[in-house]
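Enquirer: Give me coordinates for this.
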Amino acid sequence: MNKVMIAGVGMTPFGKSPGRGIRDLATTASNEALADAGVDAGAVQKIFFGNAVAGLISHQEMIRAEVAFRGDELAGAPMINVENACASGSSALQLGWEAVGSGRTEVVLVVGAEQLTHEDKARTFAALRGSTDIEEIGPPEQDHRATHSILMDFYAEEAQGYLDRTEATAEDFARVAVKNRNNGSHNPLAQYGVPQTIEEVLASRVIVPPLTLPMCSPVTDGAAAIVLCSEEYAGKLNGGGAIEVLASEIAGGAGAGSAPVADAAAAAYRTAGVAVEEIDTIELHDAAAPAELIQYSEIGLCDDGDGHKLLREGVTEIGGRWPVNTSGGLMSRGHPLGATGCAQIVEVVTQLRGRAGGRQVEGARTGMAINCGGWLAGTYAVSVATILRRAD
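Expert: Residues are numbered from 1 along each chain as shown. Below you'll find the predicted structure:
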């Protein structure tokens, strides 16, 4: 496997942008990534395009990337559309990593883009049902209008299970939301940046007990893009700041008894040849607060059931041993499904380049991102673990 480098990244602000559309989001992020890398559109040999729900929100199916870049300088490049639930963006990155690492291509563009908002909120929530087994949960009742993502029902079960088997309390879930909102306040691209208190989080509207609104990721629009290239090609660029992709590993979930997050992380550690002790900054898939606490142990930061202890001790704060979700995470940076995995990579690259401003992890050299998608019988359907290292 040849070395694969990240030469440039780009990202739109995340938030609710009704009517903006995937085309504008995708081209904005892509053009920024190309400019950051100092790469012309004509040098891109292949585009891997991550998107989860355009077919259900806007009815654009099958050729989503080709339509997004129609009229752009990138039009005509070979494009691969990748749909893998909330892990669509990281799955696109994994394919791009393999394409460059194999030596078959020198320069690829990875894009994650999502227009999740719709004037009919029920349509957005209905689309999210497709991330689980429809045959198992059944179709929605006639005239039923969902008021939240069905995934929050699953996360609420996970949250209650965590409370039942540990000495954690709902305040620990609130602490996750507070930490990530504080981090997001230093991220100009984050959807939410106003700090909040534990009391405010606990007093907010209940979505599904024990989860309140700030403990859940919001409906978000946005795009993020990454230029991947060979080591030789990176050496020809003038911009510098290239980051090596040490590993990008994907694992599948099969319901009860499977552990896709742990499996993907373990595979990434092996491929990268690094241990968890060497990781300096981490982006986790905090689609809801309990998910972050549980993933702490799944990636090896602590024993099972001890995630809340790390949080209480400040281990996962900026300035702690393992800063987690410096971007604000899915709960505060936002969660535009197909773009989330790429946005995590943008954050890790920003940290490793030392350009994160008020949320900078001092001396960060190696970073990890965990992006998950779908839900099958108590666990994720897919998980992707990516490890990056500063090249110098």
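Enquirer: mind listing the strands for the stretch 201-350 of the chain?
Expert: Remark: strands assigned in the stretch 201-350 of the chain by DSSP state E, counting those that start in this stretch are 206-208, 211-212, 221-230, 243-252, 281-283.
Enquirer: So which of these is nearest A343?
Expert: The closest of these to A343 is strand 221-230. By C-beta to C-beta, the value is 4.3 Å. All C-beta atoms are positioned from the backbone trio N, CA, C, and that covers glycine.
Enquirer: same question for the closest one, mean pLDDT?
Expert: For strand 221-230, mean pLDDT is 98.
Enquirer: same for it, what does it pack against?
Expert: Here strand 221-230 touches strand 4-11, helix 22-37, helix 88-101, strand 107-115, helix 340-352, going by 3 or more C-beta pairs under 8 Å, 6 or more residues apart in numbering; DSSP states H and E.
Enquirer: Nearest residue to W375 in space, please, no chain neighbours.
Expert: Spatial nearest neighbour of W375, excluding adjacent residues (C-beta to C-beta, 6 or more residues apart in numbering): T132 at 4.6 Å.
Enquirer: residues touching that neighbour, list them.
Expert: Applying C-beta atoms under 8 Å, 6 or more residues apart in numbering, we find T132 in contact with 150-151, 154, 374-376, 381.
Enquirer: for the chain, what are the low-confidence residue spans?
Expert: 141-145, 239-240 (pLDDT under 70).
Enquirer: Report the residue ranges of every domain in it.
Expert: Domain ranges of the chain: 4-119+220-245, 128-137+148-218+247-390, per automatic domain parsing.
Enquirer: Identify each buried residue in stretch 124-133, please.
Expert: Buried residues in stretch 124-133, counting neighbours by 16 or more other C-beta atoms under 10 Å, are found at 124-132.
Enquirer: What is the nearest of these to L246?
Expert: Taking the buried residues of stretch 124-133 together and measuring to L246 by C-beta to C-beta, the closest member is S131, at 28.9 Å.
Enquirer: so the closest one touches A85, yeah?
Expert: Yes - contact criterion C-beta atoms under 8 Å: S131 and A85 qualify, at 4.7 Å.
Enquirer: between the two, what contacts are shared?
Expert: Joint contacts of S131 and A85 (C-beta under 8 Å, 6+ apart) are 52, 373-374, 381.
Enquirer: Quick one: these as JSON lines, columns for neighbour count and distance to N325 too.
Expert: Below are the shared contacts of S131 and A85 laid out as JSON lines (neighbours: other C-beta atoms under 10 Å; distance: C-beta to C-beta, whole Å):
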{"residue": "A52", "neighbour count": "30", "distance to N325": "21"}
{"residue": "G373", "neighbour count": "29", "distance to N325": "18"}
{"residue": "G374", "neighbour count": "22", "distance to N325": "21"}
{"residue": "A381", "neighbour count": "23", "distance to N325": "22"}
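Enquirer: Okay, and which of the residues you listed map to strands?
Expert: Among the shared contacts of S131 and A85, the ones falling in strands (DSSP state E) are 373-374, 381.
Enquirer: Among the residues you listed, which one lies nearest to D286?
Expert: Once C-beta to C-beta is applied, the member of those that ends up nearest D286 is G373, at 14.0 Å.
Enquirer: The closest one bridge partners, please.
Expert: Following DSSP bridges, G373 is listed with bridge partners V382.
Enquirer: got a list of what it touches?
Expert: Taking C-beta under 8 Å, 6+ apart as the contact definition, G373 lies against 52, 84-88, 91, 131, 380-383.
Enquirer: how about the helices of the stretch 201-350 of the chain, start to end?
Expert: Applying DSSP state H, counting those that start in this stretch to the stretch 201-350 of the chain gives helices spanning 231-236, 260-272, 289-298, 307-312, 329-332, 340-352.
Enquirer: what packs against the last one?
Expert: It refers to helix 340-352. Right, helix 340-352 is packed against strand 4-11, helix 88-101, strand 107-115, strand 221-230, strand 243-252, strand 281-283, strand 366-376, strand 379-390 by 3+ C-beta pairs under 8 Å, 6+ apart.
Enquirer: is it possible to export those to JSON lines including distance to A29?
Expert: Formatted as JSON lines, the helices and strands packed on helix 340-352 follow (distance: least, C-beta to C-beta, whole Å):
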{"stretch": "strand 4-11", "distance to A29": "5"}
{"stretch": "helix 88-101", "distance to A29": "11"}
{"stretch": "strand 107-115", "distance to A29": "7"}
{"stretch": "strand 221-230", "distance to A29": "4"}
{"stretch": "strand 243-252", "distance to A29": "17"}
{"stretch": "strand 281-283", "distance to A29": "17"}
{"stretch": "strand 366-376", "distance to A29": "17"}
{"stretch": "strand 379-390", "distance to A29": "18"}
